[in-house]
Structure formats: structure tokens, C-alpha cells
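Undergrad: Quick one, fold the following:
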Amino acid sequence: MTETTDLTGKLLIAMPGMGDPRFDHSVVFLCAHSDEGAMGLILNKPTPDVTMEALLDQLSIETSGDHMKQPVRFGGPVEQGRGFVLHSDEYESVVSTLKVPGGFAMTATLDILEDIGSGKGPERQLMLLGYAGWGPGQLESEIVENGWLTCDASNALVFDIPDADKWEAALETLGVAALALSPDAGRA
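TA: Down below sits the predicted model:
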């Protein structure tokens, strides 16, 4: 058995024709990847009509500041009722934060939401509901079958580029034009 290349902290870019509409034009940040599987968060699928302010209000968390208007995103089809905050790594939860290479971190505990609400949270963050998960070897198979491209994650790509532009911007980091992509897989 060959050793898996660790893609933790990288971005997956969904190829056209993937077949799963939940991942159509998705950019996924990989929080963890090993021989045991992978876990990632879809970065560019805002949920309709759900803002950070509405989510914190539903959880009875007091808020202050304008940063509460950002959308909550669909992080993936697994555990959609569970929240994850992908954020800059200067913040660390007192309960549990997963540090990810490249200056990123992920926290899935209530204390980060309380800190965000009071203005003491991370400098940069995305709130996501649910995650994308792959079993052992599943993601590698999808990559080989032309389901995903991979690229490096940057703070600008993850946090600054509007959701509607993230997919094409991620492709551009590889020098690939979206119009040049074919939905058909092939072998040379």
C-alpha cells in the first residue's frame, strides 16, 4: 500500500461533471487528511437567509459590531446541524482548536461563537454548517477519477474573495481557465 500524500490545509476544486450537485463548483478546505480519510469544509456555498447574527441570536449569544452580517455557509452534507468555524490561527479556543498548516485553524465548540459575538473572536473567520467527509482512499480515488483538482490555500482565497468568485479564483491559482475544463474524464 502506498502512503497517502497529506493534503491537509489544501483546497479541493470541484471539476465540472462531478455528478454530485452538492459539490458543483465547490471549493473545499481540507482540515484533515490521512490514510484514515479526510474532512473538509465547502467555502463557497452560502446558506440562503442565514447570517452569523441570526445564528448567534438563535443560540441566545449576545452580539456587537457589524461583522455579524456575513452569511453562514453550507460546509458539507455530513452533520449539517453541527457548526464549524474556519479561522485565522491567532485565535485558540480554551476548549479545542485544530491548527491547520498555512495559518488556519478550525474550531467547533460554542466558546468561539461567544467570543465572535462579543468581538473577541478570531480576526478572520467563516461559519459553516456541516462538513464533507471521505473514508480511507475515497478522496484519492475521486482525485484520480478527475473529480477534484488541488491547490494551495491562501488567506485571500479563503477569506477575502466573494463566494461566487472563489471557484474560478482557485482555478486561476493553477493557471487553469474555467472555460477550458471538460466535464468528461479521460486517460492519456
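
Undergrad: which residues sit in contact with Pro101?
TA: Contact partners of Pro101, counting by C-beta atoms under 8 Å, 6 or more residues apart in numbering, are Thr8, Gly9. C-beta coordinates here come from the backbone N, C-alpha and C atoms, glycine included.

Undergrad: could you redo the last one with a cut-off of 10 Å?
TA: Taking C-beta atoms under 10 Å, 6 or more residues apart in numbering, we find Pro101 in contact with Asp6, Thr8, Gly9, Lys10, Asp89, Ala153.

Undergrad: Just the pLDDT for the fifth one.
TA: Put plainly, it is Asp89. As predicted, Asp89 sits at a pLDDT of 94.

Undergrad: How much space separates the spatially closest residue to it that is not a sequence neighbour from Glu62?
TA: Leaving aside its sequence neighbours, Asp89 sits nearest to Ala105 (C-beta to C-beta, 6 or more residues apart in numbering; 4.4 Å). Distance check for Ala105 against Glu62: by C-beta to C-beta, to the nearest Å, it reads 24 Å.

Undergrad: can you tell me the helix or strand for the residue nearest to Asp89?
TA: Using DSSP states H and E, Ala105 maps to strand 104-107.

Undergrad: that older thread, can you tell me how far the residue nearest to Asp89 sits from Asp57?
TA: 25 Å.

Undergrad: Between the two, point out the one with more neighbours.
TA: A count of neighbours by other C-beta atoms under 10 Å puts Ala105 above the other of Ala105 and Asp57, at 21 against 14.

Undergrad: partners of the more buried one in the sheet?
TA: His87, Lys99 (DSSP bridges).

Undergrad: contacting residues around it?
TA: Taking C-beta under 10 Å, 6+ apart as the test, what Ala105 contacts is 31, 85-93, 97-99, 112, 122, 125.

Undergrad: Pick out the residue nearest the middle of the protein.
TA: Leu41 (2.9 Å; C-alpha atoms, centre = their mean).

Undergrad: Good, we can wrap up now.
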